[in-house]
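Engineer: Pasting the sequence and the predicted model now:
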Amino acid sequence: MSVHPTAGRLTAIIGIVCWATTAVAAVVHLEAEDYKDGGSGVGYWDNSSGNLGGSYRTDDVDIESTSDVGGGYNVGWTGSGEWLLLTTDTAPGPWYHDPVFPETSHYVVRVRVASPNDDKKLHIDVDGAAATRLITVPNTYNWQSWTTVNTITTVPIEAGSREVKFVCETLGFNVNWVEFEPTSIVPAPAARLHPLTGHYYQYAPTSTTWDQARADAAGMSFGGVAGHLATIENAEENLVVRRFWSEGSKWIGLTDSTAVSDIDRWDPQYELGTAEGGATWSYGYPPVGEIPDQPTERGYGFKWLDGTPLVYQNWAGGEPNDAGDDGEDAVQIGADGLWNDHRTGLTLGQTDHLLPSVVEYDTVLDQQKFDILERKADTGVFGSLTTIQEAKDLLALPSGHEAIAAEATGQLFAVSFADPEAADPNSEYVTVPFLTDTTANDDYFALRATARVDIPTAGQWTFALTHDDLVELTVGGESFTPGSYGTHSHVFDLEAGPTELDLVFLECSGDAGLQLFAAEGSYDAFDPLFFRLVGDEQGGGLSLVPEPSSLFLLSMGVMGLLAFALRKRR
């Protein structure tokens, strides 16, 4: 089922969002069964001999008739490592024409797939180089129940004739066709914004030794800033690193090693300096339950890679313990957020221990922020707090009113909240606790986030909310109020330029989370490939701009300086 090339908006096909431009789209459509002639190792690779489907062609690729819309054939019985070089030729062949891409651009890639299995993977190469990240095939519960999965090419594809290679990373799915369509959208960066600090975090999923993860992080960059293994300065950052992307164990940037790395000759003693103070307990930690006299004593000798003072610590009981014959000079954070010292890796003279890691970029952002007002109700005084109007009434009370049990204000780069005692709404984004957060499940509070967003081009923009419980979003004077918790989207027709945004959120009881995204165009559902957090300018999100009064004061400041300079010249 392909999108007609004259489609004028984003449409949903079986719940999956697909992109179409407002003009005649130059879609490159490739049928999986129309792979290049030449035999095994030239036009395809198949792990078994013979066509198990017995249709269309007579070599080793397994082809069958499909019940998908439009009929025709699909490739099935896929195996890990199998591949196809796709052509634009159709039956009866010969198949030898590589597809021609109409322009140099990033491309939206759509793949039509079916599978009764979970978490199957594929990717696509162009001219011998990876053009997409791994694409996950969802479980459609039947070999002939079809859906379309989407991604964006990780690099622009040059205009002209290009070799397209379809690669099966795993076995167990069917494929009907692949489409490419040029887009102005670029892939979302792997680094994710911390809404409060403005730093960016990136999950590095490859399991390595700590020393290799340290060297890899130092070679990464985002926004012109070099990376380092994540540093943790307080309980809130500990929660971010613990929950970001995966709640499994991960390396963080803490070490007490005094060895020199064989990877890059990094000298931790030189870089980190000599440990201050003195250890008062063996192995540098106190007995379980005993509180150190100074914050640094329990982690005596440990230093953050970026030179941040070791003030906050969250060691598990009995840690750090420097266990084993060759000691433990690196630190991992567990799924529970507790720290454990472990081996650094062979390059520092210790045995291997392999984990993924979290990389942090200490970016300094010169961006506007959301203004946040948050209030928790004393329901015994305020009464019912179960509707958006009641949330607005609570937020409209004068500060200090007896019906307000707690209140807080703040400024954040983006709206991405989650109660630490609840599940993250989207764990691949950095979330922060609500402003009135407590150590218990937080109920019966309201939040208002306001900003002026810069709409770069007039037309349709889709805003998406992930929320629990109720929200009302107003953009450019138009309001959207979804009826219940979940992820919901709404298309706004907006003029170009600064536009007022007002978001009201109500948490009644249970889990609490709130995130705000936007994408140019008309979408029927949230798709992380196309949506960005509003305010995440470096990540491709909509920019926030100052209020008119701020611009006036700024201009008056500039004019004042100019007048002062003119007076000095006289």
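Structural biologist: It's in.
Engineer: Bridging across strands, which residues link to Glu478?
Structural biologist: Beta-bridge pairing for Glu478 (DSSP bridges): Val475.
Engineer: Could you report the distance from Thr183 to Pro156?
Structural biologist: In this view, Thr183 and Pro156 are 10 Å apart by CB to CB, to the nearest Å. Every residue, glycine included, has its C-beta placed from N, CA and C.
Engineer: Between the two, which has more neighbouring residues?
Structural biologist: Neighbours per residue, other CB atoms under 10 Å: of Thr183 and Pro156, the larger number sits with Thr183, 19 against 15.
Engineer: How about the more buried one: what's its closest non-neighbour residue?
Structural biologist: Val108 (4.9 Å; CB to CB, 6 or more residues apart in numbering).
Engineer: And the strands in the stretch 51-200 of the chain, which stretches?
Structural biologist: When secondary structure is read from DSSP state E, counting those that start in this stretch, the stretch 51-200 of the chain shows strands at 63-65, 73-75, 83-86, 100-101, 106-114, 120-126, 129-130, 135-137, 147-152, 160-161, 164-168, 174-183, 192-193, 200-208.
Engineer: Among these, show me which one is buried the most.
Structural biologist: Most buried of the strands of the stretch 51-200 of the chain, by mean neighbour count (mean count of other CB atoms under 10 Å): strand 192-193, with a mean of 27.
Engineer: The residue nearest to Thr183 touches Ser184, doesn't it?
Structural biologist: No - in terms of CB atoms under 8 Å, Val108 does not count as a neighbour of Ser184; the distance is 10.4 Å.
Engineer: Of all the residues in stretch 330-338, which ones are buried?
Structural biologist: Applying a neighbour-count criterion of 16 or more other CB atoms under 10 Å, one finds Ala330, Val331, Gln332, Ile333, Gly334, Gly337, Leu338 buried in stretch 330-338.
Engineer: tell me which of those is nearest to Phe463?
Structural biologist: Of all these, the one sitting nearest Phe463 is Gly337; the distance, using CB to CB, is 32.6 Å.
Engineer: Is it correct that the closest one is in contact with Asn238?
Structural biologist: Yes - with contact defined as CB under 8 Å, Gly337 counts as touching Asn238 (5.5 Å).
Engineer: Now do the shared contacts for the two.
Structural biologist: Taking CB atoms under 8 Å, 6 or more residues apart in numbering as the contact definition, Gly337 and Asn238 share the neighbouring residues Asn314.
Engineer: Break the protein down into its domains, please.
Structural biologist: Recorded structural domains for the chain (assignment: automatic domain parsing) are 11-183, 192-361, 370-549.
Engineer: thinking again about what came up before, identify the bridge partners of the residue nearest to Thr183.
Structural biologist: Ile152, Glu181.
Engineer: need the contact list for it.
Structural biologist: Listed by CB under 8 Å, 6+ apart, the contact set of Val108 reads Cys18, Trp19, Asn150, Thr151, Ile152, Phe180, Glu181, Pro182, Thr183, Ile185.
Engineer: Tell me the spacing between the nearest residue to Phe302 once chain neighbours are set aside and Ala330.
Structural biologist: Across the structure, with CB to CB, 6+ apart as the measure, the residue nearest Phe302 apart from its sequence neighbours is Asp256 (4.6 Å). Distance check for Asp256 against Ala330: by CB to CB, it reads 9 Å.
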